[in-house]
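*Asks:* Sharing a model prediction with you, sequence too.
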Amino acid sequence: MPNIPFETPVEDSVPKVADEVAVGEDLDFQRKWWRFEKIIWPILVLIIVADVVGLFGRGWLAKAKAATPDNALSLDYERIERASTPSIMTLHFGEPAIHNGRIVLHVSDSIVKPLGAQRISPQPALSVVGNNEITYVIPATQSPASLQIEMDPSFPGLHPFRVQVEGSTPIDRNIFVVP
Amino acid sequence: MALFTVLRAAFGYLFLVFLTRIVGRRPGKQLTPFEFVLVFYLGGLTLTGMVGTEMSLTNAVCQIFTIALCHYVLSVLRLRFPAFQKVLCGSPLLLMSNGRWRSKSLSQALLQDDDVMDMAREQGIRDLSGIRVAVLETFGQLNIIPAQKNPPTDVKGEG
């Protein structure tokens, strides 16, 4: 087979300026793009403002509190979290939570799996798994007492969780993890 | 999860392409120090989110392949569809012609007449009367076509 290069005729299709210079400027498109840029910049500013106030976590809007009616348990957490970013959930125990020198805390599995609980401090004396939850037994003297769960969520999305101390009503909340 | 690392790499690449398109083009030869900071800082910040905690060689190789594939697909789309090419790269912009500044184009490209004169001086042009046409190309090069030295027929040849 002969070695023939593929060729096509040269066409001077690029628009010229003043019939002299082939530039190919498309000012109509460019004006549309500039209008698009004018819209985009305010949106970028809004995203930054939303970020600063905590709409994407780690800010004022993201912080949340919850408590049981009898104040046996109250919770400081972030309703919006970021994936692969550490956060802390603090549990405050009132007098009704302490029975016989100990607190029995039930935590749903979702705290561990999608919300990535890394460590509990102070360490509970006993941890028991089962029934889609983890039960911690924490020695306690008297209120106020608190416990921290360090979390590092891996999975974006909405994750419901439940915490409950023995003898009180449960707290059911959701945490939204952004990518 | 492997799927997420690939998606993160693709998103990071496309996001940066979009952002650099929005930030605007400046002539490559005229990158100022703070624009160098922008280039490196954007890259570094994107890297943090794209890699995350997965620092394995496998992850790096797969993400590089993903970005290469994205780049290839964009290049093919750019070649096939002229409208896509304009969205991706923009259109060449005339900054000066017939002895008059295109002031709107200059301001939108975040350029000043001094920038055009910088490039003109590089070509030995002493003042504005020596410029026939000044064009900001889509790839960021600022091209000056002299008024007297090159007659129009030569300009066509340079294409």
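*Replies:* Cool, got the structure.
*Asks:* Can you give the domain ranges for chain A?
*Replies:* A:16-53, A:63-178 (automatic domain parsing).
*Asks:* Just put the ones you listed in a markdown table and tack on mean neighbour count.
*Replies:* From N, CA and C alone the C-beta is placed, and that goes for glycine too. A markdown table is the format used below for the domains of chain A (neighbours: other CB atoms under 10 Å in any protein chain shown):
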| stretch | mean neighbour count |
| --- | --- |
| domain A:16-53 | 13 |
| domain A:63-178 | 16 |
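*Asks:* of those, which approaches B:Ser129 most closely?
*Replies:* Judged by CB to CB, the one of the domains of chain A that comes nearest to B:Ser129 is domain A:16-53, at 16.4 Å.
*Asks:* Out of the domains of chain A, which gets nearest to B:Phe15?
*Replies:* Among those, if distance is taken as CB to CB, the winner is domain A:16-53, at 11.9 Å.
*Asks:* Just confirm yes or no for the closest one near chain B.
*Replies:* Yes. On the criterion CB under 8 Å from any CB of the partner chain, domain A:16-53 is in touch with chain B at A:17-18, A:20-27, A:29-30, A:33-34, A:37, A:40-41, A:44.
*Asks:* which residues in chain B form helices?
*Replies:* B:2-23, B:33-51, B:57-80, B:82-89, B:103-108, B:113-122, B:152-158 (DSSP state H).
*Asks:* For B:Arg132, which of these is the nearest?
*Replies:* helix B:152-158 (7.6 Å).
*Asks:* Need the nearest residue in space to the residue of chain A at minimum distance from chain B, chain neighbours excluded.
*Replies:* Closest residue of chain A to chain B, CB to the nearest CB: A:Asp26 (4.0 Å). In this structure, A:Asp26 finds its nearest non-sequential neighbour in B:Ser91, 4.0 Å apart by CB to CB, 6 or more residues apart in numbering or on different chains.
*Asks:* how near is that neighbour to A:Ser121?
*Replies:* Taking CB to CB, to the nearest Å as the measure, B:Ser91 falls 60 Å from A:Ser121.
*Asks:* List the ones among the residues of domain A:16-53 next to chain B that fall in helices.
*Replies:* Secondary structure from DSSP H places A:27, A:29-30, A:33-34, A:37, A:40-41, A:44 of those in helices.
*Asks:* number of nearby residues for the closest residue to chain A within chain B?
*Replies:* Across chain B, no residue is closer to chain A than B:Ser91, which sits at 4.0 Å (CB to the nearest CB). Residues near B:Ser91, counting by other CB atoms under 10 Å in any protein chain shown, number 19.
*Asks:* Report the contact partners of it.
*Replies:* Applying CB atoms under 8 Å, 6 or more residues apart in numbering or on different chains, we find B:Ser91 in contact with A:24-27, A:29-30, B:138.
*Asks:* The same query, at a cut-off of 7 Å, please.
*Replies:* A:24-26, A:29-30, B:138 (CB atoms under 7 Å, 6 or more residues apart in numbering or on different chains).
*Asks:* how about the helices in chain A?
*Replies:* A:27-53.
*Asks:* Out of the domains of chain A, flag the one nearest B:Ile145.
*Replies:* Between B:Ile145 and these, the shortest separation by CB to CB is 6.0 Å, and it involves domain A:16-53.
*Asks:* what is the mean pLDDT for that closest one?
*Replies:* In this model, domain A:16-53 has a mean pLDDT of 86.
*Asks:* Distance from the chain centre to it, please.
*Replies:* 32 Å (CA atoms, centre = their mean, to the nearest Å).
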